[in-house]
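Undergrad: sequence-free structure coming up:
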C-alpha cells in the first residue's frame, strides 16, 4: 500500500498548492491533507528520509505516548499508580499492535503513524475530566489539534471520535444530571471535533465537490487493499499479513479476565464501552465500499477501529494487572488455586509482547517489495519524467475479453498522488477517444491524444494483435522500440504542447 516517494519536497509542495494536477488526463481532486506536513518535514530531511523516519520512529513514539497515557489512567484509579514493569508491558504491547497486525509489513503507513498519534490524543482527552473549566477548554484545543493531525493520516478517526464523544456526553448526562447544560462540559469536546473540521476544510470540501467524498472513509495509501472482516478486527490483523490468530486472541482474553477484580472494574468496563462503540462503528464501515477509477472498489478503512479497539483492550488489561499489584494495608490472601491461575495468566501476558516482537522481527517485516514491472520501455518513462505533457497511454487486455487503459506521467504515482488518481472520475470523452483508437483509428483520434498530452502508446505483453495491427496502420503514429518483443509501442508524431494537460 506504499508508493515511492517523489524526488524532492518541492513535488509535495506543488501537489499541495495545485488546483489542477497532471495525473492521468488531469484531475481537480484535492491533494490529501497529509501532504502538507510531509512537505514541511521533507524540506528539512528529504522525502526518502521523511518516510523512513515515520515508519521507524512510529513504534517508539507510540510506546512513549502509551506510557504517559497509562500512567495517568492508573493514577486516576489508584493513588499509588502502576508499577513501571506493568506500564512497560502495556506500552510495548500497544506499540506492537500495528506491527503485528501487518500494517507495517504491508506498507499501510497511515495506520502506523496513526498508532503513534492516538495515545497522545487519548492523553490530551483525559483533560475533559478536569474539575477546572479552564483546563477543560485547553484540553479541547489541544485534543483538536492532535485530532486534526490524526485525521490527516486516518480520516475515519474523526468519525469514530465524534461517535465516542457523543456517547461519553450522553453517559455523563445520565450519571450527572444537569451537567449537559454546562457549556464547559460539552464545549471542549465539541471544540476538539470542530478544530479538525475547520483545519481540514480546504481538503474535504473540494473533495466532496469533486465527487471524491469517499476519501473521508478510507485509509490512506495505494488502493485496493485486502478487505478486513470481523475476525481480523478481533485478533488485530490485516488478512494474511498479520501474526497468527492465537497471538491476536491473547489480548481480548486478558481484557476479559480484567473484569474479575472489583477494584478496577469500573475502569475496565469503560474500556470495554469504548471498544464496543468502535466495534459498532466497524459494522457499517465493513459493509461500505467506495468506487475507484475503473471497475475497482475499496472497503472503507477499518485501521482506525482496530487501533482503538486494541488500545482499549490494552488499557483494560493494564487496569486488571493494577488491581492485582495494588498496595493495600490489609492484603487479601488468595486461595492457592487462584494464586496458581494468576501466575499462569501473568506469565502468558508477559509472553504476548515478546511473541509479537519475535514474530515481527522474524516474519512480519519482510512484506515490503518493489513494484512489479509496468511493461513500459525505460526510455519512455525517463522522457515522461522530464515533462508532464509526455504522457504514456498504456492499453492492456484484448478486444475479446475487454480493454483497460491508464495514463502514466512523470515517474508514476507517488505518495500523495494515489488517492487523487483513484478517486478522479472517469473522463468519458477520453474513454470514447481510446475506444475509437483501438477499433476504428483515425487521424482525429491521434490529434485527440496530442491535445491531451500523450506522447506514446504502449501495449504491454501480451499485446492483442488485432489492436496492434490497427495502430500500425494509423496515420500520426509510428512504431517505437521496446525491450520485450511481445510488447508493442508507438510514438505520436506531433509533440504535445506544454499546456496540453
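TA: Yep, it's here. None of these values were measured; they are calculated from a predicted model.
Undergrad: contacts, neighbours, all on C-alpha from now
TA: Fine.
Undergrad: I'd like the distance from residue 72 to residue 272, if you could.
TA: Remark: distance between residue 72 and residue 272 (Cα to Cα, to the nearest Å) = 18 Å.
Undergrad: okay, these two: which has more neighbours?
TA: When neighbours are counted by other Cα atoms under 10 Å, residue 72 and residue 272 differ, and residue 272 comes out ahead with 21 against 16.
Undergrad: close enough to count as contact, that one and residue 314?
TA: No - with contacts defined as Cα atoms under 8 Å, residue 272 does not count as touching residue 314, sitting 10.5 Å away.
Undergrad: Now the element after the longest helix belonging to the chain, going C-ward?
TA: Longest helix in the chain by number of residues (criterion: DSSP state H): helix 47-77. Following helix 47-77 in sequence order, the next helix or strand is helix 84-95 (DSSP states H and E).
Undergrad: now for that following helix, which elements pack on it?
TA: helix 47-77, helix 303-325, helix 336-359 (3 or more Cα pairs under 8 Å, 6 or more residues apart in numbering; DSSP states H and E).
Undergrad: buried set for the first one?
TA: Right, helix 47-77. For helix 47-77, burial by neighbour count (16 or more other Cα atoms under 10 Å) applies to 47, 50-51, 54-55, 58-59, 61-74, 77.
Undergrad: so can I have CSV of the helices and strands packed on helix 84-95 showing mean pLDDT and distance to residue 421?
TA: Formatted as CSV, those follow (pLDDT from 0 to 100; distance: least, Cα to Cα, whole Å):
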stretch, mean pLDDT, distance to residue 421
helix 47-77, 95, 20
helix 303-325, 93, 22
helix 336-359, 70, 35
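Undergrad: Count the neighbours of residue 142 for me.
TA: With other Cα under 10 Å as criterion, residue 142 counts 19.
Undergrad: er, residue 209 I mean
TA: If we define neighbours as other Cα under 10 Å, then residue 209 has 12 of them.
Undergrad: Could you list the buried residues of stretch 37-47?
TA: Residues 38, 39, 40, 42, 43, 46, 47 are the ones in stretch 37-47 that count as buried (16+ other Cα under 10 Å).
Undergrad: Could you list which of these belong to helices?
TA: 38, 39, 40, 42, 43, 47.
Undergrad: Throw the residues you listed into a markdown table and include distance to residue 265, thanks.
TA: Listed next are these as a markdown table, based on distance: Cα to Cα, whole Å:
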| residue | distance to residue 265 |
| --- | --- |
| 38 | 42 |
| 39 | 46 |
| 40 | 45 |
| 42 | 46 |
| 43 | 49 |
| 47 | 47 |
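Undergrad: thinking again about what came up before, now the helices and strands packed on helix 84-95 in TSV, with distance to residue 264?
TA: Listed next are these as TSV, based on distance: least, Cα to Cα, whole Å:
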stretch	distance to residue 264
helix 47-77	7
helix 303-325	6
helix 336-359	16
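Undergrad: closest to residue 81 among the ones in helices among the buried residues of stretch 37-47?
TA: Nearest to residue 81 among these is residue 38, at 37.7 Å by Cα to Cα.
Undergrad: Now do the contacts for that closest one.
TA: 12, 47, 50 (Cα atoms under 8 Å, 6 or more residues apart in numbering).
Undergrad: Out of these, which comes closest to residue 458?
TA: residue 12 (28.4 Å).
Undergrad: Which residues lie in contact with the closest residue to residue 464 other than its chain neighbours in this structure?
TA: Nearest non-adjacent residue to residue 464, counting by Cα to Cα, 6 or more residues apart in numbering: residue 398, 5.2 Å away. Taking Cα under 8 Å, 6+ apart, we find residue 398 in contact with 463, 464, 467.
Undergrad: can I assume the first one is in contact with residue 487?
TA: Yes - with contacts counted by Cα under 8 Å, residue 463 reaches residue 487, the gap being 6.0 Å.
Undergrad: so the longest helix of the chain versus helix 84-95, what angle?
TA: 140 degrees (axes from the mean of the first three to the mean of the last three Cα atoms, to 10 degrees).
Undergrad: Tell me which other helices or strands helix 47-77 touches.
TA: Helix 47-77 packs on helix 35-45, helix 84-95, helix 109-125, helix 303-325, going by 3+ Cα pairs under 8 Å, 6+ apart.
Undergrad: Nearest approach to residue 478 belongs to which of the ones you listed?
TA: helix 35-45 (39.4 Å).
Undergrad: What mean pLDDT does the closest one get?
TA: Confidence for helix 35-45, expressed as mean pLDDT, is 96.
Undergrad: again, but for stretch 117-126
TA: On average, stretch 117-126 scores 96.
Undergrad: And the residue nearest to residue 64 when sequence neighbours are not counted, what's its pLDDT?
TA: Computed as Cα to Cα, 6+ apart, the closest residue to residue 64 that is not its neighbour in sequence is residue 91, at 7.2 Å. On pLDDT, residue 91 comes in at 96.
Undergrad: cool, the one 4 residues further on as well?
TA: Among the per-residue scores, residue 95 holds a pLDDT of 95.
Undergrad: Over to the one 4 residues further on?
TA: The confidence metric pLDDT takes the value 92 at residue 99.
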